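A.B. asks: only geometry, no sequence info:
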């Protein structure tokens with residue numbers, strides 16, 4: 001309890017609710033899920049990390065395909081352990097330079113296409129994978145099943161919902177609590193809800209290619225490692241400032257060690273709305289091999305645009321078949337929406 005109290009006090013110093021529609025009961029034909037929702041995952045005891053971490057799911061309707069959605073599902077790291085690094089990176093640069101900047105926000109990220117299921121009040125979540133220059137449904141996979149609560153309302157369609165497990169490594173179940181009654185949220189979900197509410201944060205999945213400099217770690221402004229340019233060009237660069245840093249130490253500075261020595265230029269396409277692919281222009285074989293089969297997502301997990309006038313979008317390069325094996329880069333905090341010429345362009 002002391003840890004939680006301290007965390008919430010700190011969050012109040014700096015930095016999910018879904019917009020209310022109405023409280024009518026959700027009928028079988030009113031499965032409008034557009035938006036983002038907080039839930040909790042359930043793992044067996046003894047895993048590394050919390051057994052009931054907070055999760056977030058984003059739904060974006062697929063144009064021209066009624067009832068279908070592009071979906072992103074992510075699981076937060078232990079928020080109580082993450083908070084000091086987040087706050088130090090954002091507000092205490094001297095502390096961050098001494099003890100390290102934030103580099104781990106999520107434990108895993110995956111993308112799906114949601115389609116109405118065979119059973120009433122269900123959706124099938126089919127994993128999305130890269131095939132050539134397209135992002136497609138993996139048809140030979142077993143879909144996870146999103147089951148909506150029969151009593152859910154239009155205002156809160158995921159209240160009481162669950163998501164099933166289909167493979168090893170996934171949680172036994174993901175659940176979304178009800179406004180009244182139902183399952184207990186657990187400490188991680190309570191913390192996430194309170195943090196977003198107190199700091200007036202949002203979490204947004206951005207659908208645009210956001211130009212600008214991207215960093216190895218959150219707020220580490222002297223370490224630009226990726227430049228997103230006009231005409232949807234992505235340029236991975238080696239920062240000369242760290243040329244004498246050992247390979248092991250440099251790799252440890254990134255969310256994923258594979259990011260440490262990526263170098264080369266890619267053209268970026270958008271086969272699905274808000275989902276991007278990187279095609280090599282002149283990257284070396286190693287860099288191309290690491291990047292080419294991953295889906296690019298621009299997500300501001302802790303979006304303080306409205307509350308504090310600041311945002312740091314995370315660019316995640318993900319593989320839905322290996323959801324914990326993602327690369328992540330952090331937008332320079334002065335970049336705005338990719339339009340700020342004052343942001344550093346090393």
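C.D. replies: Arrived safely. Keep in mind it's a predicted model, so treat the numbers as computed, not measured.
A.B. asks: so which bits of stretch 291-311 are buried?
C.D. replies: Residues of stretch 291-311 classed as buried: 291, 293-304, 311 (neighbour count, 16 or more other CB atoms under 10 Å). C-beta here means a position set from N, CA and C on the backbone, and glycine is covered the same way.
A.B. asks: okay, and which of these map to helices?
C.D. replies: residue 291 (DSSP state H).
A.B. asks: which two of the buried residues of stretch 291-311 have the greatest separation?
C.D. replies: Greatest spacing in the buried residues of stretch 291-311, by CB to CB: 293 and 304 (32.7 Å).
A.B. asks: mind listing the residues bridging to the residue nearest to residue 272 when sequence neighbours are not counted?
C.D. replies: Spatial nearest neighbour of residue 272, excluding adjacent residues (CB to CB, 6 or more residues apart in numbering): residue 135 at 4.9 Å. Counting by DSSP bridges, residue 135 is bridged to residue 130.
A.B. asks: quick one: residue 135 and residue 39, what's the gap?
C.D. replies: Using CB to CB, to the nearest Å, residue 135 is found at 24 Å from residue 39.
A.B. asks: try residue 127
C.D. replies: 18 Å.
A.B. asks: quick check, the residue nearest to residue 272 in contact with residue 127.
C.D. replies: No - counting by CB atoms under 8 Å, residue 135 stays clear of residue 127, with 10.6 Å between them.
A.B. asks: who touches both of those two?
C.D. replies: residue 111 (CB atoms under 8 Å, 6 or more residues apart in numbering).
A.B. asks: just how off-centre is stretch 305-315 within its chain?
C.D. replies: Stretch 305-315 has its C-alpha centroid displaced from the chain centroid by 14 Å (CA atoms, centre = their mean, to the nearest Å).
A.B. asks: show me what contacts residue 286?
C.D. replies: residue 261.
A.B. asks: for it, report the pLDDT, please.
C.D. replies: In this model, residue 286 is scored at 96, pLDDT.
A.B. asks: any idea what it is structurally, helix, strand or coil?
C.D. replies: Taking DSSP: H, G, I helix; E, B strand; the rest coil as the rule, one finds residue 286 in the helix state.
A.B. asks: how far away is it from residue 234?
C.D. replies: With CB to CB as the criterion, residue 286 and residue 234 are 16 Å apart.
A.B. asks: same for the helix or strand containing residue 126, what does it pack against?
C.D. replies: Residue 126 is part of strand 122-131, with elements assigned from DSSP states H and E. Applying 3 or more CB pairs under 8 Å, 6 or more residues apart in numbering; DSSP states H and E, we find strand 122-131 packed against strand 69-76, strand 106-116, strand 134-137, strand 144-147.
A.B. asks: in the stretch 101-250 of the chain, which spans are strands?
C.D. replies: 106-116, 122-131, 134-137, 144-147, 162-163, 173-175, 202-206, 212-215, 224-229, 233-236 (DSSP state E, counting those that start in this stretch).
A.B. asks: turn these into a markdown table, including distance to residue 325 and mean pLDDT.
C.D. replies: Listed next are those as a markdown table, based on distance: least, CB to CB, whole Å; pLDDT from 0 to 100:
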| stretch | distance to residue 325 | mean pLDDT |
| --- | --- | --- |
| strand 106-116 | 8 | 97 |
| strand 122-131 | 13 | 97 |
| strand 134-137 | 17 | 98 |
| strand 144-147 | 18 | 98 |
| strand 162-163 | 20 | 98 |
| strand 173-175 | 20 | 98 |
| strand 202-206 | 20 | 96 |
| strand 212-215 | 19 | 97 |
| strand 224-229 | 18 | 98 |
| strand 233-236 | 18 | 98 |
